[in-house]
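K.L.:
Here is my input, please return the structure:
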Amino acid sequence: MTIFFAVKKSPDKRKKRKRILVFGIITIISFIIMLAFPSTPDLQKLDVNWEENQFEISDEVYLDLDYMPDNAEITSLEISDNDIASVEYKDGKALLTFKKEGTAEIFFIANDSVESNKETITVVDPIAEAKREEAKKEAEEARLKAEQEAKKKEEEEARLKAEQEAQRKAEEEAQQQAVLQAQQEAQENQQSSQSQVQSGGTVYWVTNGEVYHSTADCPTLSRSKNIYSGTISESGKSRPCKVCH
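P.N.:
Numbering: from 1, shown residues only. The predicted structure follows:
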């Protein structure tokens, strides 16, 4: 800062020289003050040195700041996203404290106008992350258990179905066997009856009937009261019953 004084003209040369001398001394002192206390230049550029980009909640991290010109002064420092973190300027460094979980692209604002380089950071909450992992693990275990139970149920249903199918086939085979056996027995009985008749065995008849029977239990005789027995010639019938023969 230079201080100037106006020197009025004076007829007194001694006073004039004195004033010139004072003016020179003041000028010299002004230059010395300017050299000793230079004016601070405005901040032009700001770079933040990020050594990493993933942090945990409540972490406090000091970040180095590079700015131009070197002799500029940072009077204020803010962060673009103050929900995820807060910033405090200390000893030429930015002290960053992380508050919220998430991912954000952030930058710093110095002296209300100069913006720094941008960086995408991620903040994690170890406790919340552990809970999420535990919940994920429990969900996976529940899924596997449900799959095992479903598989076990499917296998049990298949086993029951196979048993039912085997039982059905066994019943059908038993029924078919019974039918075949009944047919065979009926055929054997018929053959036996025919043999008996042919060999002069006993036959049965009713007075008004037109046929003779090989057995008194023939269904066609169920309503007859008087059933006679004897040989074919004694029955007087010319043909056998189609039911029991």
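
K.L.:
What is the neighbour count of residue 152?
P.N.:
Look at residue 152: counted by other CB atoms under 10 Å, it has 10 neighbours. (Glycine included, C-beta is placed from N, CA and C.)

K.L.:
so which helix or strand takes in it?
P.N.:
Element membership for residue 152, per DSSP states H and E: helix 126-198.

K.L.:
Which elements pack onto the helix or strand following that helix?
P.N.:
Using DSSP H and E, the next helix or strand after helix 126-198 towards the C-terminus is strand 203-205. Contacts defined by 3 or more CB pairs under 8 Å, 6 or more residues apart in numbering; DSSP states H and E place strand 203-205 against strand 211-212, strand 228-230, helix 232-235.

K.L.:
quick one, what contacts residue 58?
P.N.:
97, 98, 99 (CB atoms under 8 Å, 6 or more residues apart in numbering).

K.L.:
Which ones among the residues you listed map onto strands?
P.N.:
Among the contacts of residue 58, DSSP state E puts 97, 98 in strands.

K.L.:
Now render the contacts of residue 58 as TSV, adding pLDDT.
P.N.:
Formatted as TSV, the contacts of residue 58 follow (pLDDT from 0 to 100):
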residue	pLDDT
97	94
98	94
99	92
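
K.L.:
Between the contacts of residue 58, which sits nearest residue 134?
P.N.:
Using CB to CB, residue 98 is the member of those that lies nearest residue 134, at 23.0 Å.

K.L.:
what pairs with that closest one across the strands?
P.N.:
Counting by DSSP bridges, residue 98 forms beta bridges with residue 85.

K.L.:
right, and it touches residue 55 too?
P.N.:
Yes. Counting by CB atoms under 8 Å, residue 55 is a contact partner of residue 98 at 5.0 Å.

K.L.:
Can you give me the neighbour number for the nearest residue to residue 242 once chain neighbours are set aside?
P.N.:
If the residues on either side of it in the chain are set aside, residue 242 comes closest to residue 211, at 7.7 Å by CB to CB, 6 or more residues apart in numbering. The number of residues packed near residue 211 is 19, by other CB under 10 Å.

K.L.:
Next, work out how far apart residue 211 and residue 203 are.
P.N.:
To residue 203, residue 211 is 9 Å away according to CB to CB, to the nearest Å.

K.L.:
what do these two both touch?
P.N.:
Residues within reach of residue 211 and of residue 203 at once, by CB under 8 Å, 6+ apart, are 237, 240.

K.L.:
Beta-bridge partners for residue 105, please?
P.N.:
With DSSP bridges as the criterion, residue 105 is bridged to residue 120.

K.L.:
Show the model's pLDDT score for it.
P.N.:
At residue 105, the model reports a pLDDT of 95.

K.L.:
I'd assumed residue 120 was in contact with it.
P.N.:
Yes. Judged on CB under 8 Å, residue 105 makes contact with residue 120 at a distance of 4.7 Å.

K.L.:
buried sites along the longest strand seen in the chain?
P.N.:
In the chain, assigned by DSSP E, the strand with the most residues is strand 60-68. For strand 60-68, the buried set under the neighbour-count rule, 16 or more other CB atoms under 10 Å, comprises 61, 63, 65, 67.

K.L.:
Pairing partners for that strand, with directions?
P.N.:
strand 45-49 (antiparallel), strand 93-98 (antiparallel).

K.L.:
is it possible to export those to TSV including mean neighbour count and distance to residue 145?
P.N.:
Formatted as TSV, the strands paired with strand 60-68 follow (neighbours: other CB atoms under 10 Å; distance: least, CB to CB, whole Å):
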stretch	mean neighbour count	distance to residue 145
strand 45-49	16	50
strand 93-98	18	38
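
K.L.:
export the ones you listed to CSV and tack on distance to residue 134?
P.N.:
Formatted as CSV, the strands paired with strand 60-68 follow (distance: least, CB to CB, whole Å):
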stretch, distance to residue 134
strand 45-49, 36
strand 93-98, 23
